[in-house]
Structure formats: structure tokens, C-alpha cells
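Undergrad: Quick check, what structure comes out for this input:
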Amino acid sequence: MSPLREDTRIAYYAGSWYSGDPEILRQQLSKWIEDAEAQENTRTEGAKEQQGPIRAIIGPHAGYMYSGSTAAFGYCKLLQMHSQIKRIFLFGPSHRKSFRGCMLPSVMVNAYDTPFGPIPLDSELISHLESSFPEYFKRLSKSSELHEHSLEMHLPFIYYCTNRKAHPVMLIPIMVGSLPSSLSLKYGQIFAPYFDNADNFFVISSDFCHWGKSFDYTFYRSEDGQEIYKFIENLDRRSFEAIENQNDTEFRNYLDQTKNTICGRYPISILLNTLKYAKNKYNVKFIQYKQSKKCMSNEDTSVSYAVSLVSDCQSRQV
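TA: I've put the predicted structure just below:
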């Protein structure tokens, strides 16, 4: 492997949150994607409705031993259509740095590395966003960019699924801070034209409920007669309904009511408002859900992982 260029962000979490060995990593991703495809084929066999092209996914960003097999349900779709995609917009929440709005990569960075090799950034488009909307986009420092995992955890999947043609897919990574509804609406207006362009693919990075004392979230109604893990699942699925309804107001009201610890709430909000302002119509559907552990008592801890697909409204009865 050639030495890493100074303008390339290193794969900081390789070797800890996922394998840094490209062959081991390739085998893992291949197995997870093959298994996801097989399950999806079984699930959709005999379905009466055909799905339009996939335009975006919501997927998890935990360590691969926890969420890799779940993320594969989204990335098997990207693998099937990789030849049609020229660039990927990747939105991830900021876990370490507090800010308002959206942050673009450091001006000193032109590629994001993976154990497979680097993914080039679309530096021209990134600069265009910064110059066209200076009020809404700032630049990250290299250290802030380096330590955030919500973007990096998607990169090996993106490389594996798209680096199969002469011209590699280019990346537009966007770190998302807190967003009041009015600001999220503005980002929806900005990104809608890019979403309508079939050359582009959107990836929204988010885990769902973080439950347990370590997350300072133990919301549970024992009078409902459910085990805790089932209560958590139903709690998450209520958020799925708001997202599938493509309604950011409904989603925010749900969060206000439940305080559910969905870390990617603001990237999801941008997606919902992007769909609101898009000229074309789209379907949103969750297809996979998993918890890191089935919580049975207040001493347990779990994180929920889910995958949603956003597809063109081209489905028809057959």
C-alpha cells in the first residue's frame, strides 16, 4: 500500500471499531451483504409491488460487531446500482463537537481513507456549497473531522460497494450539528435539487434508541406489560412511522414527547425536509431492525440499529 497523502483523512477507527485488515474486512462485508440480499429476496418473493430505484438509505454507525450485519441491508442496494452513482452525500451527527448547522470537510482534506484505499472528495462541489451558502456551511478542523465516527463507519461499505468501475464515486461528507426546524427547512431547500439528481445517492448515518443508565435514558412503562426490549422496539417503531410519513414536524413532536435518544435526529431531519422540497416523489420504508441486547432490567443497556430505504415513487401493481 502506498504512503497516505497529507490531504487524506486517515481511517481512525480501523483496527478497533472494525477490522483494519482489508482482506478480513472484505470477507466480512461480502458475507453480511450476501446474507442481507438472501433475506431480502426471501422477504420480497411474491410481493405484489415493485420498488423504484433506491435514492438514499438510513443506516447505523456502531462498531461492526454490533451493526455491520444490519448496515448491509442498506448497502446491498447500493451495490446493486453502483454503476449509476457518481457521488454520495454522507450526513452524520456530531458526537464530540457542539455546533449549530452543517460542517464541511477541512480545506486541507481531499480524500477519506479506508483499509481498501481512499475515497476522493468532490472538492469542487464542497467548495461550491461553502461559497454559495456561507451562512449555512463552515469547515471542520482536521482534529474534529478525525475523531468523529458517524461518518467513518460508513466508508468501508461505500468503498466496497462503489469502487467497481473506472471512475470512483466521489464523496461529500457533511457533519451535522443541532438544527432548529427553521434551519433544517433551509437545508432541505439546499439539498433537494441534489437529491432529485439521479447521479447522487444520500446516506444518513444514525443509530436509534440508546437505552440504559450509561445513556441516561431508561424510559419504560411497566404497566404496558411488555418486556423492556419490546417496549424499546415499539418506541423506535413510532419514530419509523414519522420518518416514513416524511414529516419532520411529526418526527420532532415524537422526540419531544419520548426524548428518545436517536443520535442522528438532525441528519434525519435534513432528509425529511429534503424530501419535502424535492420535485420528485419518494417512498420511505424501514426494512431492518436490531438491538445490541434484549434489555430485561434497568441494569441492562442496548442500542438500536435500523435501515430505511428511500426509493423513487415508481412502484406499480403487477
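
Undergrad: how about the helices in the stretch 201-318 of the chain?
TA: Assigned by DSSP state H, counting those that start in this stretch, the stretch 201-318 of the chain shows helices spanning 228-244, 248-258, 265-277.

Undergrad: deepest of those, which one?
TA: By mean neighbour count, with neighbours taken as mean count of other Cβ atoms under 10 Å, helix 265-277 ranks first of the helices of the stretch 201-318 of the chain at a mean of 25. No exception for glycine: its C-beta is placed from N, CA and C like everyone else's.

Undergrad: So what's the gap between that one and the chain middle?
TA: 12 Å (Cα atoms, centre = their mean, to the nearest Å).

Undergrad: before we move on, the earlier item: of the helices of the stretch 201-318 of the chain, which approaches Ile88 most closely?
TA: Comparing those by their distance to Ile88 (Cβ to Cβ), the top pick is helix 265-277, with 13.7 Å.

Undergrad: what's next to the closest one, contact-wise?
TA: By Cβ atoms under 8 Å, 6 or more residues apart in numbering, the residues outside helix 265-277 that reach it are 56, 58, 91-93, 102, 176-179, 181, 184-185, 187-189, 191-192, 195, 202, 204-206, 243, 246-248, 251-252, 255, 262, 282, 284, 310.

Undergrad: what pLDDT, on average, does it get?
TA: Helix 265-277 comes out with an average pLDDT of 98.

Undergrad: Repeat that for stretch 162-182.
TA: Stretch 162-182 carries an average pLDDT of 89.

Undergrad: ok, now stretch 204-221?
TA: 96.

Undergrad: now do stretch 235-248
TA: Per-residue scores along stretch 235-248 average to 98.

Undergrad: cool, and stretch 82-91?
TA: Average pLDDT, stretch 82-91: 92.

Undergrad: Just the terminal-to-terminal distance for it.
TA: 19 Å (Cα to Cα, to the nearest Å).

Undergrad: Quick check: buried residues in that stretch?
TA: Buried residues in stretch 82-91, counted by 16 or more other Cβ atoms under 10 Å: 82, 85, 87-91.

Undergrad: What residues does Asn280 make contact with?
TA: Contacts of Asn280 (Cβ under 8 Å, 6+ apart): 196, 312-313.

Undergrad: Just the buried ones among those residues, please.
TA: Neighbour counting with 16+ other Cβ under 10 Å marks none of the contacts of Asn280 as buried.

Undergrad: between these, which is closest to Lys230?
TA: Using Cβ to Cβ, those come closest to Lys230 at Cys313, 32.8 Å.

Undergrad: What pLDDT is listed against the nearest residue to that closest one once chain neighbours are set aside?
TA: Once flanking residues are discounted, Cys313 sits nearest to Lys281: 4.1 Å by Cβ to Cβ, 6 or more residues apart in numbering. At Lys281, the pLDDT value in this model is 96.

Undergrad: now Arg316
TA: For Arg316, the predicted pLDDT is 35.

Undergrad: again with Thr42
TA: Per-residue confidence (pLDDT) for Thr42: 82.

Undergrad: tell me which element it falls in.
TA: Assigned by DSSP states H and E, Thr42 belongs to helix 22-44.

Undergrad: partners of whichever helix or strand comes after that helix, with directions?
TA: Using DSSP H and E, the helix or strand that follows helix 22-44 towards the C-terminus is strand 54-59. Sheet pairing for strand 54-59, assigned by DSSP bridges, gives strand 200-205 (parallel), strand 302-312 (antiparallel).

Undergrad: now Phe286: how far from Asn197?
TA: 25 Å (Cβ to Cβ, to the nearest Å).
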